[in-house]
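[1] Pasting a predicted model and its sequence here:
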Amino acid sequence: MSDSEDNSDTNEVETKDESVKEKDESAEKGKEESSNENNESGGSSEPAKAAPRKKYREDFIWQEQPIGRGAYGEVLLATDKETNITYAVKILNKKHIIAQKKVECVTREKVLLDMLRHPNIVNLYFTFSDPDNLHYVLEYCPHGELLDYIKKHKCFNLDVARFYSAEILSAIEFMHSKGVAHRDIKPENILLGNNMHSKIVDFGTAKQLGVANERSKSFVGTAAYVCPELLIAKEAGLSADLWSFGCMVYEFLSGQVPFKASTEYLTFQLIMNREFIFPENFPEVAKSLVEGLLALDPDERLGNRAEKFAELKAHPFFEGIDWDNLPNITPPPFAPPEVMPIFPKKEDPVSAAPLRDPEEERKEREAEERKQKLAEQKSSVWAKFLNDNELIVETALILKKRGMGKKKRQLILTDAPRLFYVDADKMVIKGEIPWGPELKAEAKGSKHFTVIVPGRNYKLEDVAGNAKQWVEIILKVKSTSS
C-alpha cells in the first residue's frame, strides 16, 4: 500500500475517553486515611506519609528522564511542590489504552492497588487525569529492583534469601486472602523501598479470582516463572503465584531460574516435565521448600494444601522469622554465600533421545513456536491488519515525521515481511513502507531511526527509546527473507 497519511487533526474518541476518565476520577477515595492505615499483616514499613488531596500535573516538579517504561506509557519521578514528597508517577496514554482495548486491565490495576494495603506491596496514593493521560501516583522505591542485587552478588546467602522470601510470602498470603492472584511474581517486579524492605509492583496482569479460587484461562506471566497447569490445562488459580515464588526462592540461592532453555518453547517443555537440577551445595532446608512449591499438581503445592499458608510459613526454612514483626525488622545486608553454588554437569535433555538431524530438529522447533505465537496473536488488537499465516515480529507506538509535523502511529513489522503503520485512534492502516532488497535502516540516537527506500526516507521516533532495537530487527528480518 502506498503512503496515505492525512494531516487532519486526530478526533477524540469521546465515549471511550470519557469512560477512562470516569473510572480514573474515582481516585479521591480518602487516600489520606487509607494510605496510612495499618493492615492485618502489620504496620507500614515506610514512614507515614499523608497523601495530598486532588492534584494536577502542574502541582509537581517533573524529572525529564523516565525511570521506567511499559507497553502503555512511562514512569517519571515527580516531586509535590507543596509537600516536597517524591513519587513515581505511572503515566498512561488514554488513546493508546483504548486502541489496545486495555481499559479494563488498567482500571483493574487501580482497583486492586486501592484494595491491597500491605507493607510489602507498593502504595498507590492517588490518581488524576488530564485530557491525554492517566496518572497513577505511586510510592517511590529508590533502591531499584531485587533482580539488580541478584546480578550484583550472583546469588544470596541463606539469611538474605530467608528474609526477603518471608516478606514476599507475607504479601502473597495477603493478596490471596483477598482473592487476588498477581500472576507475574518475579525479581523484576520486586522493588526496594527507602529502608530496603521489599515492595511487590506491577499489577497490570493481576486478577481477582475470589477466595473460592476460581481459575483463569488468560495466558499471562513470564516464561521462566509460568506454572505447569497454565501450559497443560490452559488455566491456573491462586497457586500459580506459589509456583513462581518457588522459582524465585531457587533463584535467590542459586543465581539462576530453575527452568531456562534457549527458547520459550523448550523452557515450557522443562516446566511441564519439571526438569531442573539443584546445585550440589544447595541448602537442604531450602531444597525441601522449593520441592514443595514446585509440585506439578497445584493441589499438592506447599501453601495450597489443606493447611494453606500456615503449613508454608511453618516450614523449617523460615525458622526464626517473626511474621508479625517483619515490617519493623532491619533487613540483612545483601551478600552472597561463602561458597558459591556448584552445579553438576547438566545432561542435555536431547542427548538421551535417538539422534536426529539437528537442522530438521531446529526447523520443527521453530515451526512449533511459530504455531503457538500465531495462536496467541489472534487476540491482538492488530490481528485485523494481518494476512493469513502472517506473524508480527515487532510492534510499538512511534512518532512519524511528515513535513513539519509528527503523527502518532503504531508501527508493525511482520515476517511476511511487511512494515506498515496504523492510526491507533481510527484503527486504519495509514501507510506501508515498500519492502525490497534496497531497504535500509539507520538509528539516530536512542529514539530516532530512519527507514530508507528508493525515493523516500521515513523518519521515525520510538517513544520508548528502542530505535537501535528496531534497526536490528528490521535488518535481521531483511537478511532472513532475502
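    That came in fine, so what should we check first? Numbers count the residues shown, from 1 in each chain.

[2] Only C-alpha atoms from now on, for both contacts and neighbour counts.
    OK.

[3] How far off centre is stretch 305-314?
    Relative to its chain's centre, stretch 305-314 lies at 28 Å (CA atoms, centre = their mean, to the nearest Å).

[4] make that stretch 387-407, sorry
    Relative to the chain's own centre, stretch 387-407 is displaced by 23 Å; criterion: CA atoms, centre = their mean.

[5] Identify each buried residue in that stretch, please.
    With burial defined by 16 or more other CA atoms under 10 Å, the residues of stretch 387-407 counted as buried are 390-392, 395-400, 407.

[6] tell me the domain boundaries of the chain?
    By the assignment in automatic domain parsing, the chain contains the domains 15-139, 146-328, 378-481.

[7] Columns distance to residue 338 and mean pLDDT on top of the ones you listed, output as a markdown table?
    Below are the domains of the chain laid out as a markdown table (distance: least, CA to CA, whole Å; pLDDT from 0 to 100):
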| stretch | distance to residue 338 | mean pLDDT |
| --- | --- | --- |
| domain 15-139 | 28 | 76 |
| domain 146-328 | 8 | 94 |
| domain 378-481 | 39 | 92 |
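
[8] any chance of those domains in TSV, plus distance to residue 371?
    Shown next, in TSV, are these (distance: least, CA to CA, whole Å):
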stretch	distance to residue 371
domain 15-139	23
domain 146-328	11
domain 378-481	9
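
[9] Which one of those domains lies nearest to residue 363?
    domain 146-328 (12.8 Å; CA to CA).

[10] Next, the contact list for the spatially closest residue to residue 477 that is not a sequence neighbour, please.
    Distance criterion CA to CA, 6 or more residues apart in numbering; nearest residue to residue 477, sequence neighbours excluded, is residue 415 at 6.8 Å. Applying CA atoms under 8 Å, 6 or more residues apart in numbering, we find residue 415 in contact with 390-393, 477.

[11] how much space between residue 119 and residue 77?
    As judged by CA to CA, to the nearest Å, residue 119 and residue 77 stand 21 Å apart.

[12] Mind checking which of these two has more residues around it?
    Set side by side, residue 119 and residue 77 show more neighbours around residue 119, with 25 against 21, by other CA atoms under 10 Å.

[13] quick one on the thing from earlier: wait, which of the domains of the chain is closest to residue 366?
    domain 146-328 (8.7 Å).

[14] Show me where the stretch 351-482 of the chain has its helices.
    All helices of the stretch 351-482 of the chain, identified by DSSP state H, counting those that start in this stretch, fall at 358-377, 467-481.

[15] rewinding a little: against residue 208, how distant is the residue nearest to residue 477?
    Distance of residue 415 to residue 208, computed by CA to CA: 37 Å.

[16] Same check on residue 78?
    Applying CA to CA to residue 78 and residue 208 gives a distance of 30 Å.

[17] what does residue 474 give?
    Per CA to CA, residue 474 is found 39 Å from residue 208.

[18] Counting neighbours around each, name which of these two comes out higher.
    Using other CA under 10 Å as the criterion, residue 474 and residue 208 rank with residue 474 on top: 24 against 19.

[19] need the contact list for that one.
    Contact partners of residue 474, counting by CA under 8 Å, 6+ apart, are 413, 441.

[20] just residue 65 next, same as before
    Taking CA under 8 Å, 6+ apart, we find residue 65 in contact with residue 76.

[21] make it 10 Å
    Residue 65 makes contacts with 74-77, as judged by CA atoms under 10 Å, 6 or more residues apart in numbering.

[22] Over to residue 312?
    Applying CA under 10 Å, 6+ apart to residue 312 gives the contacts 169, 289, 292-293, 301-305, 318.

[23] would you turn those into CSV with neighbour count?
    Shown next, in CSV, are those (neighbours: other CA atoms under 10 Å):
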residue, neighbour count
169, 20
289, 19
292, 18
293, 26
301, 22
302, 27
303, 22
304, 19
305, 15
318, 19
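
[24] will you turn the residues you listed into JSON lines that also has secondary structure?
    JSON lines is the format used below for those (DSSP: H, G, I helix; E, B strand; the rest coil):
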{"residue": "169", "secondary structure": "helix"}
{"residue": "289", "secondary structure": "helix"}
{"residue": "292", "secondary structure": "helix"}
{"residue": "293", "secondary structure": "helix"}
{"residue": "301", "secondary structure": "coil"}
{"residue": "302", "secondary structure": "coil"}
{"residue": "303", "secondary structure": "coil"}
{"residue": "304", "secondary structure": "coil"}
{"residue": "305", "secondary structure": "coil"}
{"residue": "318", "secondary structure": "helix"}
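
[25] Of the residues you listed, just say which sits nearest to residue 247.
    Using CA to CA, residue 293 comes nearest to residue 247 of the contacts of residue 312, at 8.3 Å.

[26] Wait, the closest one touches residue 249, no?
    Yes - applying CA atoms under 10 Å as the test, residue 293 and residue 249 come out as touching, 9.5 Å apart.

[27] any common contacting residues for the two?
    Shared contacts of residue 293 and residue 249 (CA under 10 Å, 6+ apart): residue 287.

[28] Setting aside sequence neighbours, what's the nearest residue to residue 96?
    residue 72 (6.5 Å).

[29] And for the one you found, the neighbour number?
    Neighbour count of residue 72, defined by other CA under 10 Å: 19.

[30] Could you do the one 4 residues further on as well?
    Neighbourhood size, residue 76 [other CA under 10 Å]: 21.

[31] tell me what the host helix or strand of it is packed against?
    Element membership of residue 76 [criterion: DSSP states H and E] is strand 73-80. With contacts taken as 3 or more CA pairs under 10 Å, 6 or more residues apart in numbering; DSSP states H and E, strand 73-80 sits against strand 60-62, strand 68-69, strand 86-93, helix 94-99, strand 133-139.

[32] Same list (those) but as a markdown table, adding mean neighbour count.
    Below are the helices and strands packed on strand 73-80 laid out as a markdown table (neighbours: other CA under 10 Å):
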| stretch | mean neighbour count |
| --- | --- |
| strand 60-62 | 17 |
| strand 68-69 | 14 |
| strand 86-93 | 22 |
| helix 94-99 | 22 |
| strand 133-139 | 22 |
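
[33] Double-check residue 190 against residue 198; I have them as touching.
    Yes - counting by CA under 10 Å, residue 198 is a contact partner of residue 190 at 6.2 Å.

[34] which neighbours do the two share?
    120-122, 141, 144-146, 164, 168.

[35] Neighbour-wise, give me the winner out of those residues.
    Among those, the one with the most neighbours (other CA under 10 Å) is residue 120, at 29 neighbours.

[36] what's the distance between that residue and residue 375?
    Residue 120 is 36 Å from residue 375, by CA to CA.

[37] now residue 309
    The gap separating residue 309 from residue 375 is 36 Å, by CA to CA.

[38] the more surrounded of the two?
    residue 309 (18 against 10).

[39] My reading is that that one is in a helix; is that accurate?
    Yes - the assignment for residue 309 is a helix, going by three-state DSSP.
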